[in-house]
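K.L.:
sequence and predicted structure are below.
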Amino acid sequence: MTERTLSIIKPDGVARGVMGEVIRRFESEGIRIAAMKMIHMTQAQAEGFYAVHKERPFFGSLTEFMSSGPCVVMILEGENVIAKNRELMGATNFKEAAPGTIRADFATDIEKNVVHGSDAPETAAFEMGYFFNNFEIVG
Ligand code: GDP
């Protein structure tokens, strides 16, 4: 089934110069980029995005990190792309991420883990709508 998902190259990924490599991995898997832009979130905007985590002990640190520099936000499209993107990303904790995944190769910390990807159709819908309107998604 063709799906769409939200991907973010987090501030650590942009700062460390791996934007091109992350996008290359998506493209080489046949994933289509349906929307893309660079943004620098305020902490309040990051709090809105990560609202589901507001009770977690790392919420303040995470939202401070996500607003510490520019991110690349993208809508990825393809067959089962929600799960496929999660597979390419690797586990949240880079120490547990499978070899060859983005996080295993580039993450430096459980928080500074280079990429975000929606984990289900419902979260994908919310997350895509958080950053993009219909005119920014190319068909
Ligand atoms: P994801 O779906 O793999 O991104 O993982 P989660 O939804 O569980 O967590 C969201 C983000 O919060 C992760 O990608 C990390 O950047 C951060 N995070 C998760 N667990 C921890 C933690 O234990 N400590 C800190 N500082 N950050 C965390």
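P.N.:
On my side now, so go ahead.
K.L.:
going forward, measure contacts between C-alpha atoms and count neighbours the same way
P.N.:
OK.
K.L.:
check which residues of the helix or strand containing residue 84 are buried.
P.N.:
In this assignment (DSSP states H and E), residue 84 forms part of helix 81-89. For helix 81-89, a neighbour-count test (16 or more other Cα atoms under 10 Å) marks 81-86, 88-89 as buried.
K.L.:
roughly how far is it from the heart of the chain?
P.N.:
10 Å (Cα atoms, centre = their mean, to the nearest Å).
K.L.:
and the contacts of the following helix or strand past it?
P.N.:
Using DSSP H and E, the helix or strand that follows helix 81-89 in sequence is helix 102-106. Helix 102-106 has contacts (Cα atoms under 8 Å, 6 or more residues apart in numbering) with 13, 22, 88-99, 113-115.
K.L.:
before we move on, what about stretch 29-39?
P.N.:
Contacts for stretch 29-39 (Cα under 8 Å, 6+ apart): 26-27, 70-78, 81, 132, 136-139.
K.L.:
at 10 Å instead, please
P.N.:
Under the criterion Cα atoms under 10 Å, 6 or more residues apart in numbering, residues 4-9, 11, 14, 23-27, 67, 69-81, 84-85, 88, 128, 131-139 lie in contact with stretch 29-39.
K.L.:
got the buried residues for that stretch?
P.N.:
31-36.
K.L.:
now, the residues you listed that are in strands?
P.N.:
Taking DSSP state E, the ones among the buried residues of stretch 29-39 that sit in strands are 32-36.
K.L.:
quick one, helices of this protein?
P.N.:
11-15, 19-28, 43-49, 59-66, 81-89, 102-106, 121-131 (DSSP state H).
K.L.:
got the residues of this structure near the ligand?
P.N.:
Residues of the chain lying close to the ligand (Cα under 6 Å from any ligand atom) are 58, 62, 91-92, 110-113, 116.
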